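Undergrad: structure for this input, please:
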Amino acid sequence: IMFYSDQKKQVSLFNRRTFILFLLKLSLFSAVGWRLYNIQILDSSKYKTMSKKNQIDLEIIFPIRGKIFDRNKVLIAKNEKVYDLYLIPENTKSINNTLNSLSKFIDINFEKRRKVIELSKQIKKFEKIKIFENISWSILEKIETNKYNLQGIFISEDYLRVYPYKDNLSHLLGYINKPNETEISLPFIANMPNLDIGKEGLEKKFNPSLIGKSGKREIEVNSSGRIIREISRVDSIQGKNLQVTLDLRLQEYALNLLNSHRAGSIVVMNIENGHVLCMASTPSYDPNKIIKKPNKDYWDSILQNKLSPLTFRSVQGLYAPGSTFKMIVAIAGLYHGVIDTGTKHYCSGKISLGDRLYHCWKNNGHGSMNVEGAIKESCDVFFYEISKKIGIDRIAKVAKDFGLGRIYKIPLNNQKLGIVPSLAS
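TA: Below you'll find the predicted structure:
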């Protein structure tokens, strides 16, 4: 026997289930309906294209690299618009005649002419052949003026990385070039294997932010690979600009001081905040000549230079510290209580260590000296004497506390680790 209240509950439950099923069916049919509308109405042109045996290709648009400024907003790495010269074989009746006409405005040697003709036989007739890159403005004017006589010639815009101050900042900035097999898998160029990336210096360290984001365009191409039309386009985003702590004026001044020396380095820092204001290293190189093709002769001149211009002496040179290390020894002695400001040692101009005799720079000696006087006069004998009492391990500990023998947290790759000797090492 079912009471009225039970029957009412059962009907209510049935109605709820019916309503939920109705909603599920409605959602399913709506999704299918929207998909059909999307295919047949919104994307109809796309699928018509595919039905004609044409295909949609995705073409990557390379971003423009970010600029680099010094601390005073002086532009030290920029991009200049350049023009490359191409030949499209199908747009000329005779490649030879076109090259002959072109040679009136720009020198085309036999080897280049032969390569262009051979390549024209290997590629599809509508594909471009690059003949020259980064042509001068004067040649561009002549070609544009006489374009009606230059069948098949096509000029394309591009951007060239330029370093206005040439070898003044080359070790710091580095240069850009095509990625090698290892670099090609880096995430920020995963879809742009032909994009120039930073290979050294700040250009390399800040690659992810300087490169920017690629754009893309969908193009319709026929079965031969010829572009029919552009379907959609998303422009690339230029890389972020970078401002560094370097002062170009100070860098140039330091390099002028080094001009009278075969090789050397000068580093200037702000001791209050650690900012590097100058990192000069000589000999150097011009990154513009490395980027410009062909560059084999210039590369050979760098590699054959016995002074090694590619070595960044500020962070890769290993040098004996000389008398500057006396400050470390003095601090170690005071810190460990081996000496105080009143401790004196007599300098006779020489000291015996083991079976060797070491001389002070002042042959006659400095006489009796405390630590302040020894620093002022740079007395060798005083610091030999207190070094024996302090011990090599305690001196090494203080030296490392001051940052010697460490890799510095600055955005430069390939730093060399300095040597701070101790009994353990």
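
Undergrad: N364 against G349, yeah?
TA: Yes: counting by CB atoms under 8 Å, N364 touches G349, with 5.4 Å between them. For glycine as for every other residue, the C-beta is placed from the backbone atoms N, C-alpha and C.

Undergrad: mind checking which of those two has more residues around it?
TA: G349 (16 against 9; other CB atoms under 10 Å).

Undergrad: which one is the more buried one nearest to, not counting chain neighbours?
TA: G365 (3.5 Å; CB to CB, 6 or more residues apart in numbering).

Undergrad: buried residues of the longest strand belonging to the chain, list them for me.
TA: For the chain, the strand with the greatest residue count under DSSP state E is strand 75-87. For strand 75-87, a neighbour-count test (16 or more other CB atoms under 10 Å) marks 76-79, 82-87 as buried.

Undergrad: show me where the stretch 251-400 of the chain has its strands.
TA: 264-269, 276-282, 345-347, 350-353, 356-359, 367-369 (DSSP state E, counting those that start in this stretch).

Undergrad: so which of the ones you listed is nearest E111?
TA: The closest of the strands of the stretch 251-400 of the chain to E111 is strand 276-282. By CB to CB, the value is 37.1 Å.

Undergrad: what lines up beside the closest one in the sheet?
TA: Sheet pairing for strand 276-282, assigned by DSSP bridges, gives strand 264-269 (antiparallel).

Undergrad: can you pull the buried residues of the strand it pairs with?
TA: Buried residues in strand 264-269, counted by 16+ other CB under 10 Å: 264-266, 268.

Undergrad: and stretch 324-342, by the same measure?
TA: 325-326, 328-334, 338-339.

Undergrad: so where's the stretch 1-150 of the chain uncertain?
TA: Along the stretch 1-150 of the chain, the model assigns pLDDT under 70 to residues 1-17, 19, 39-54.

Undergrad: now the strands for it?
TA: Going by DSSP E, counting those that start in this stretch, the stretch 1-150 of the chain shows strands at 55-61, 68-69, 75-87, 129-132.

Undergrad: now render those strands as a markdown table, adding distance to K112.
TA: A markdown table is the format used below for the strands of the stretch 1-150 of the chain (distance: least, CB to CB, whole Å):
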| stretch | distance to K112 |
| --- | --- |
| strand 55-61 | 28 |
| strand 68-69 | 34 |
| strand 75-87 | 11 |
| strand 129-132 | 7 |
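
Undergrad: and L23, how many neighbours?
TA: 10.

Undergrad: L173 now?
TA: 23.

Undergrad: need the contact list for it.
TA: 68, 76-77, 163, 201-203, 287 (CB atoms under 8 Å, 6 or more residues apart in numbering).

Undergrad: swap in T343?
TA: 333, 370-371, 386.

Undergrad: do that again at 10 Å, thanks
TA: 333-334, 369-371, 374, 382, 385-386, 389 (CB atoms under 10 Å, 6 or more residues apart in numbering).

Undergrad: can you flag the buried ones in the residues you listed?
TA: Buried by 16+ other CB under 10 Å: 333-334, 369-371, 374, 382, 385-386, out of the contacts of T343.

Undergrad: and which of those is nearest to G405?
TA: Using CB to CB, these come closest to G405 at G333, 19.4 Å.

Undergrad: please name the residues that touch that closest one.
TA: 339-340, 343, 371, 383, 385-387, 389-390, 394-395, 398.

Undergrad: with I143 instead?
TA: 83, 85, 101-102, 105-106, 135, 149-150, 153, 155.

Undergrad: repeat that for G152.
TA: 86-95, 97-99, 102, 120, 125, 128-129.

Undergrad: quick check: phi and psi on the nearest residue to it once chain neighbours are set aside?
TA: Ranked by CB to CB, 6+ apart and with sequence neighbours excluded, the top spatial neighbour of G152 is T92, at 3.1 Å. Backbone torsions for T92, taken as degrees, to the nearest 10, come to phi -130, psi 140.
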